[in-house]
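1. return atomic coordinates for the entry below.
(chains A and B)
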Amino acid sequence: MKFLFQNPLRVYLILFILFCVGLYSGSQLPISLFPNSSKVTVRVTIPLYSMSPRDFYQDYGYRLESQLRALELKINTLSAEYSYGDVSYKIDFDWSVGGEQALSKVREVMAGTSAGFPQTMRENYYVDKWSENNTFVALAFYSDKKSPDEIYNLIQPTLEPEILSVKEVQSAELYNPQKKEIVLEFLPEKLSSFGLHPSDLEGVLKNAMREFNGGRIEYQNRRTQIYFDPWIKTKTDLENFSFYIDQKRIVYLKDIADIRMGSNETSRNIFRTSGSSALILWADPKPGANVKEMSEQIITIVNRNQKLWPEDIQFKFLVNPAEFINSSVNHVAFEVILAAFLAVVILFLFIGSLKNVITAAVEIPLSIILALILMKIFDMNLNLISLGGLALSAGMNVDASVVVIENIFRHLKLYPNRSKLDVIVGAVSEVYQPILVATLASLIVFFPIIFTTGLTNSLLGDLAKTVIFSHGLSAIVALVLVPTVRLHFSAWFDSEGHSPIEPALIKLENFYERTLSILIRNKKLVISISVAVSVVFVFFLTVLLPRLPKELIGKPETDWLIVITNSKNWKTLEDFDEGTSAIDTHLREKYADKIDYTFSQMGAGWGNVMVRLKNKSDLEFLKKEVEKEYPDTPNLKIMMEPWNPSELVVPNPAPFVVHITGSDTRKRAEVAELFLQELEDQDIFPRTRIFPDITKNYALNIRTYRPQYEPSAISSFTFLSGQPRYLMYVKDPVTDKSVNISIQFPKKYTQSLESLKSMPYYQNQHVVPLSAVGNFEFVDEPKGFYRLDGKDIVSISGRTEDTKEKEKAKEKAKAFVKNFIDRHNKDLVNTKIEIQDSEKEITDSIDQLLTAVLISIVMIFILMVLLFGSWIDAFLILLAIPFGIMGTILALTVFGSVLSLNSALGVILLNGISVANSIILVDFIKQLKNEGISAKESAIKAARIRLRPILMTSLTTVIGMMPIAFGFGSGGKILQPLGISVSGGLWVSMLFTLYFVPTLQCFYYEWKEKKI
Amino acid sequence: MLKLILIVCSVNLMASVKKPEVFTEPIKAKDVQKKLVFPGTVRSQKQSLILAENSGVVTRLKKQLGYSVGKNEVIGYIENPDPVYQYKPLPIRSPIAGRITDMRFFEGSQVEKGTHIVTVTDPKSLVVEVQVPAKDIASLKIGGPAEFYAGSKYTVKLLGLSPTPDASSLTSMALFSFVDPKQNVTAGLQGSVEYVSSVRRMILVTESNLIRKGQKVFLRKYQDGKVAFIEVTTGERIEDQIEILSGLKEGDEFISKTAKHIKDGDEVTKAETTN
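-> The predicted structure follows:
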């Protein structure tokens, strides 16, 4: 140690190099919103065309499901939704599975299985990956003078390619909701008069749009490629396209079809920004990319391009991760500075010398910067969670320095004649072991969290790591840098400090000594207080704790409100546009002082207005006002919710879920319908949901007259009646733009069953109505069926947002299920209704965390036994923990906070901090006892001497946690329960430590002496 | 103290539950037409497909495609150039007055006996030809009125119907004549014929208004400010409407729309109908 302190330049140089490496590492760390870990879902969608869902399942689906379930990767659930039109599989992988790995394995399975599919299915299925923590950039471009097409044509050619060239961007698209495509509308009356079916033409048209390889010839001693250019490249080519009928007559496509530029009716949307027509630009980052940098580059590109556009084209941000990230980084910086400032204030109040205090305070930013090196080594990124961990450790990091400085002062006073070096070495030798032990005890509690899996690790893993890195390094800095600086600049430093509150501190010490003496001398009082405290502890555990509202993790504040509009009168896109835009305009006009801008989006069947507020604090006010202005009526229903794209996505399962299984699809649907009706009658949950949709939307069954009319021929004909089908795309040679071509029949034939039946169909030289092909009947056939993990099910869920009422609602619902089964016993033959543990993932996460808490306590105990060589000492030290927990429960109750993963983490953190104070006391009492002082005197003397450092370290931690406890900043609400847990718990555990640890230790030593 | 009571009262008033609003509709029986719709093409009722009466070469064409011809008028001649035969050139005559709508030879063409060489159509006697599915034949009556839609609406009536369906298409040919022969239609016009086969008085409600509980079907009746779930029996389905056979009668009011879930016995408020 002398060697180290005698060579300050060596210490400064090493720390300076590490400081620079830390800054560099920090600059290289990717910055994103969320930790790297995320849960992956892979989706497979297969269009069924004319095949029924049940047939697909029998021919291919059951085999595909078993192959997906047999994947070597861990799958949580495999669900499959079979409906007329398509089947979609959703594979939810476990947290431990990497996204790319999952996607590649599923693709392998599909490549093998799809070989047996019909060609159109084989060519048109797709597989994609979706991660819950997907973050992206979205902007809206709008103009009050130009249509979306005009805006698109003006900005797309330069903007989209530039954004795609950004290194971090995986994909980007400027989406025109009214993108035009070529619509080929076959006219059945014309087709039938020529004796044609659409299927006759599809193949011919596709071939005409393909390029063909014609082989090679030897031409002028060179091998020359022969190829056939696609015949159809433009709309004009389509119109002029002709083909033979009966090898005699030539028919032009324009004679049998209406060819026009139009929008695909089924996917058309309307976007508006503050009332003006708009387009959206999306950009997704590559996995592991620096999202902040991506966002900032996109902003630069857009700003640069904007100068080239007409003035009326504007843009607004819908999702800007850089904004959230900058806000979080600024917030952390603020918290670190605030924590450092508050620590300086506390230290100054106790030590009274600003110069000496600054030495301690420097440790806060230094240990954070050194932690960045370890974050880089462990391949972490800077995100809301890891930054939160750094902010959390800010208040804790100064503890070790405080103890060192305080002990140096004490030794300087005790040994005024010794050399400074010897004094400092002596002071540090006295405290280095308890400091290391205390730091280790603070950190050991986090190790179990690093090894948790799934949701717990995703939410807290990064936080645990950053606290360990930062706080661990702070001990080293305290033991190396602080004494070195103190020695090197001893002339500059004040030899002693005079606390501005010294008289008050002395009075406090005297009061503490007196009250402690009374306690130590009065065993009956100690026993009475212990019993009372135990009763209170049990009360807190059994009464207060269960009443605390529970949630997984808090949600940050937001300045976005989504207003979702719905009306039974609105059927078409135009209806939704008119209705939603009216609400949008009204809100902007009435609340112009509160609303910055709006973004509304409409489709055929849905609409919403996203409202961006000028101030986050106006959100609740606006929500209430809109609720008053638009109460639910039979015509119009409005739902509202805050929207925060920077929110860490956590599972939010419905508290009540039942699965109905068994029997057949029709029976299950019947039972589900009855169950849902009766559940809603009970009014237990404000929101219920049923999946899949079992509404009696009858299917039209056509039983054809065979052999004259084959179902396959008729189905390919009727398929075009319902909706446009994508045929191919062509690339315009002039504009080089791809344009989709879709085929369909005129909509008039699907306006009613009557019109469908009257559709002309060519059959053996006759033009017959479609009604001639067979029997048309509406049947009570559910739309499809849903399978979960190999079972056909109907799922019904109930949800309430009121966390206090959730448990009661669950109990009522369980009783209802039992009652329903009893009453409808006869109707439920072969059908089962089973309540699901929908919150299993959350329960498992909390259980994992509680297990981590217990493991951490055991680890602390083992550590104490190893270090002190006495299990009694270890036990006494651990007694601080239940008192800390009491304080936590009280603080959470008083401040109306919640029991969440973060408040549980706060308990873990508290365990480590509260034992640190006990360790310092127990160690010093032991030292004095070993010097021959009596048990009582050792206890009282050690307690008095250690009062100031204990107060200092506790206050700096508590006050350092205050910004977190107050929930400042955009992500403040996430960590707020943690701040409240630690601050509240530490007060109580500090009181216990100061009084009961010395008292009980004294009793133990006295008992030991008597025994001897 | 008074202020406190007022505050408490106003809080209680605010806390009282508002009755859900509902829209109601009256139960009304109406005449429902059952229509049969067939695609149809206009063609001439009088048409002659002229076959060659002998083999030979077509000579001296007197008429061309599109020309008018009278009854028995000569269109051209067929001569056999083989000297063995020494037949006189045989005239090709039109059995009906009309216009030449198809000509399958040229002057100098060799034709065989019995081949179809000319078509003459009377443009004035037009009919609409439809194919009627076999299952609908019994619903049609000769002379029964119908509407032919081809851009404009024309009144037609059933002229004739083949009693024997074609085995390959399972349809029978039917002809509808125009009630007003002077109507401006041309042969080849395509459209659809709507024939009303029956009219029945029915009570229909939109399917979405029915509440199903297991095997039973209910309608929500509005009665004295309350909801009453009335069990009904249903009949035929016409598009998205379901026939109500029993349970509710004409004049009763049923609840067609509501903002919230309502159950049997709930008190409700009738809302003003808006667009």
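2. partners of the helix or strand where A:F599 lies, with directions?
-> For A:F599, the host element (DSSP states H and E) is strand A:595-603. Note on strand A:595-603: by DSSP bridges, its sheet partners are strand A:270-273 (antiparallel), strand A:606-613 (antiparallel).
3. who does B:T121 bridge with?
-> Under the criterion used (DSSP bridges), B:T121 bridges to B:Q47, B:R99.
4. what sits opposite A:E81 in the beta ladder?
-> Applying DSSP bridges, one finds that A:E81 bridges with A:S88, A:Y786.
5. residues contacting the residue lying closest to B:Y67 once chain neighbours are set aside?
-> Of all residues not flanking B:Y67 in the chain, B:I100 sits nearest, at 5.3 Å (Cβ to Cβ, 6 or more residues apart in numbering or on different chains). Any C-beta I mention is one placed from the backbone N, CA and C, and that applies to glycine too. When contacts are counted by Cβ atoms under 8 Å, 6 or more residues apart in numbering or on different chains, B:I100 touches B:K63, B:Q64, B:L65, B:G66, B:Y67, B:V69, B:I75, B:S94, B:V118, B:T119, B:V120.
6. you'd agree the third one is in a strand?
-> What it means is B:L65. No. Assessed by DSSP: H, G, I helix; E, B strand; the rest coil, B:L65 does not belong to a strand; its assignment is coil.
7. quick one: contacts for it?
-> B:I100, B:T101, B:D102, B:M103.
8. distance check, the single nearest residue of the stretch 401-550 of chain A relative to chain B against A:L308.
-> Taking Cβ to the nearest Cβ, chain B has its nearest neighbour within the stretch 401-550 of chain A at A:P549, 22.0 Å off. As defined by Cβ to Cβ, to the nearest Å, A:P549 lies at a distance of 53 Å from A:L308.
9. between those two, point out the one with more neighbours.
-> Using other Cβ atoms under 10 Å in any protein chain shown as the criterion, A:P549 and A:L308 rank with A:P549 on top: 15 against 11.
10. closest one to B:K249 among the strands paired with strand A:595-603?
-> Among the strands paired with strand A:595-603, strand A:606-613 comes nearest to B:K249, with 38.7 Å by Cβ to Cβ.
11. how is chain B divided into domains?
-> B:19-33+B:201-270, B:47-121 (automatic domain parsing).
12. swap that for chain A, please
-> A:40-131, A:180-214+A:227-263+A:699-779, A:324-477+A:485-491+A:510-553+A:843-1011, A:560-642, A:656-697+A:783-837.
13. so which of those is the most packed in?
-> Scoring those by mean neighbour count under mean count of other Cβ atoms under 10 Å in any protein chain shown gives domain A:324-477+A:485-491+A:510-553+A:843-1011 as the most buried, with a mean of 21.
14. for that domain, the distance to its chain's centre please.
-> 30 Å (Cα atoms, centre = their mean, to the nearest Å).
15. next SSE after the helix or strand that contains A:I908?
-> Per DSSP H and E: A:I908 is located in helix A:901-930. Downstream of helix A:901-930, the next assigned helix or strand under DSSP H and E is helix A:935-966.
16. packing partners for that next one?
-> Here helix A:935-966 touches helix A:321-351, helix A:384-396, helix A:399-414, helix A:502-520, helix A:901-930, helix A:972-1011, going by 3 or more Cβ pairs under 8 Å, 6 or more residues apart in numbering or on different chains; DSSP states H and E.
17. will you turn those into JSON lines that also has mean pLDDT and distance to chain B?
-> As requested, the helices and strands packed on helix A:935-966 are arranged in JSON lines below (pLDDT from 0 to 100; distance: least, Cβ to the nearest Cβ, whole Å):
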{"stretch": "helix A:321-351", "mean pLDDT": "78", "distance to chain B": "37"}
{"stretch": "helix A:384-396", "mean pLDDT": "78", "distance to chain B": "38"}
{"stretch": "helix A:399-414", "mean pLDDT": "81", "distance to chain B": "50"}
{"stretch": "helix A:502-520", "mean pLDDT": "90", "distance to chain B": "44"}
{"stretch": "helix A:901-930", "mean pLDDT": "83", "distance to chain B": "32"}
{"stretch": "helix A:972-1011", "mean pLDDT": "85", "distance to chain B": "29"}
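18. mind checking which of the ones you listed is nearest B:A187?
-> Using Cβ to Cβ, the helices and strands packed on helix A:935-966 put helix A:321-351 closest to B:A187, at 69.4 Å.
19. got the residues of the stretch 701-850 of chain A near chain B?
-> A:705, A:708-709, A:752-755, A:757-760, A:763-764, A:766-769, A:771-772, A:778, A:824, A:827 (Cβ under 8 Å from any Cβ of the partner chain).
20. hmm, who's touching stretch A:949-960?
-> So stretch A:949-960 is contacted by A:339, A:342-343, A:346-347, A:350, A:394-396, A:398-399, A:402-403, A:406-407, A:913, A:916-917, A:920-921, A:982-983, A:986-987, A:990, A:993-994 (Cβ under 8 Å, 6+ apart).
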